[in-house]
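Asks: next come a sequence and a model predicted from it.
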Amino acid sequence: MKHITKMAMAVLAATAIITTVITTASMNNETVVNTSSTLSVLNNEDLAGTATTKQFNIPVGFEYVQVSFKNIGSKPFTFTINQESTTGTAKMSYTVPADGKEHTYWSDQAWSTGLFYVSMSSAQGMSGRLSVHLATDLNKLKSL
């Protein structure tokens with residue numbers, strides 16, 4: 001059992017960066033502690049070729065999703081995020097312009113836990129980066 005626990009912790013540490021921000025405020029002479037957390041599940045992943053897919057997992061409590069792309073290629077590319085498989089329920093889909101700027105997209109609604117797939121494609125080779133951040137609170141994502 002200890003081995004499984006240690007392995008699970010090592011996998012979590014290797015695949016995600018967790019940032020916890022704790023703020024305190026005084027209310028009616030009592031200290032109130034507020035915790036807001038984010039989780040980086042894909043960080044500056046390289047994009048290349050005409051089609052590629054990246055997978056990420058949403059754990060309990062981190063149901064708000066933000067994806068950021070930087071397209072440094074010469075053509076726009078499209079992306080779709082699907083739940084459970086590359087052909088599962090589509091949760092988000094956009095075209096990322098080829099302007100070298102970072103473009104960030106998020107859902108205003110919480111997503112369920114589980115596996116998700118980001119599929120990207122372009123008529124010509126892609127060049128750029130992808131990051132996926134999760135949070136316990138939508139406002140925390142918007143402030144990243």
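Replies: Ah, there it is.
Asks: now do Ser131, the pLDDT please.
Replies: What the model reports as pLDDT for Ser131 is 97.
Asks: now the closest residue to it other than its chain neighbours: how far from Lys91?
Replies: The spatial neighbour of Ser131 that comes closest, neighbours along the chain excluded (CB to CB, 6 or more residues apart in numbering), is Ser68 at 4.6 Å. Where C-beta positions appear, they are placed from N, C-alpha and C, glycine not excepted. Using CB to CB, to the nearest Å, Ser68 is found at 16 Å from Lys91.
Asks: now swap in Phe62 and tell me
Replies: Distance, Phe62 to Lys91, using CB to CB: 15 Å.
Asks: more crowded one of these two?
Replies: Using other CB atoms under 10 Å as the criterion, Phe62 and Lys91 rank with Phe62 on top: 22 against 17.
Asks: you'd agree that one is up against Ala110?
Replies: No - distance between Phe62 and Ala110: 9.4 Å, which falls outside the contact criterion (CB atoms under 8 Å).
Asks: pull the residues that contact stretch 126-136.
Replies: The set of residues that contact stretch 126-136 without belonging to it, under CB atoms under 8 Å, 6 or more residues apart in numbering, is 35-50, 52, 54, 56, 58-59, 61-73, 77, 96, 118, 120, 141, 144.
Asks: list only buried entries from these.
Replies: Members of the contacts of stretch 126-136 that pass the buried threshold by neighbour count (16 or more other CB atoms under 10 Å) are listed as 36-42, 47, 52, 54, 56, 58, 62-71, 73, 77, 96, 118, 120, 141.
Asks: where does Leu141 land in three-state SS?
Replies: Following DSSP: H, G, I helix; E, B strand; the rest coil, Leu141 is assigned to helix.
Asks: which ones are touching it?
Replies: Going by CB under 8 Å, 6+ apart, Leu141 touches Thr38, Tyr64, Val65, Gln66, Trp106, His133, Ala135.
Asks: and with 10 Å instead?
Replies: Residues counted as contacts of Leu141 (CB atoms under 10 Å, 6 or more residues apart in numbering) are Ser36, Thr38, Tyr64, Val65, Gln66, Thr104, Trp106, Ser107, His133, Leu134, Ala135.
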